[in-house]
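K.L.:
what shape does this take:
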Amino acid sequence: MEDKVFNNLTGKAKCIYDKLTSSSTSFKNAIKKFDGDFPVSHLKFEIDPDMPSNTRKGYTRAPENYVIDIVINGNLNKDASYQKRPNLLVAKTIIQRSYMLKCLESYCL
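P.N.:
Coordinates of the predicted model:
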């Protein structure tokens, strides 16, 4: 695996992620532990187009094969989908999930 942070986001969610990584030093530092220089684990961002929750904006999957997934709600039929939320709130979800992993890594990994 060359890249250790996998970005499988698309559309608006990818644009917000790209803006975070290009303009926020603290966001880059939060996900730095998952890049190629650190063997702790790898990080993958993805969208779940079938998420059944109308309130859940995203979730984190437990590591599998050293990859932790941050999953964003992409179900167009739900109000919690990233497509129906303001950009700032989608960014908040991505940042919150990333920082939660950073805290977890500090204590557990």
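
K.L.:
what helices or strands is the longest helix anywhere in the chain leaning on?
P.N.:
In terms of residue count, the longest helix belonging to the chain (DSSP state H) is helix 87-107. For helix 87-107, the elements it packs on are helix 11-23, helix 25-32, strand 42-48, strand 58-64, strand 67-73, judged by 3 or more CB pairs under 8 Å, 6 or more residues apart in numbering; DSSP states H and E. (Each C-beta comes from the backbone N, C-alpha and C, glycine too.)

K.L.:
which stretch among the ones you listed comes nearest residue 91?
P.N.:
Nearest of these to residue 91, taken as CB to CB: helix 11-23 at 5.0 Å.

K.L.:
with only the CA atoms kept, save that closest one in CSV.
P.N.:
Extracted in CSV, the C-alpha atoms of helix 11-23 (Å, rounded to 0.1, in the frame of the first residue of the first chain):
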residue,chain,number,x,y,z
GLY,A,11,-18.6,15.0,-5.2
LYS,A,12,-19.2,17.5,-2.4
ALA,A,13,-17.7,15.3,0.3
LYS,A,14,-14.5,14.9,-1.7
CYS,A,15,-14.3,18.7,-2.3
ILE,A,16,-14.7,19.4,1.4
TYR,A,17,-12.1,16.8,2.3
ASP,A,18,-9.7,18.3,-0.2
LYS,A,19,-10.2,21.8,1.2
LEU,A,20,-9.5,20.5,4.7
THR,A,21,-6.3,18.8,3.7
SER,A,22,-5.1,21.8,1.7
SER,A,23,-5.9,24.5,4.2
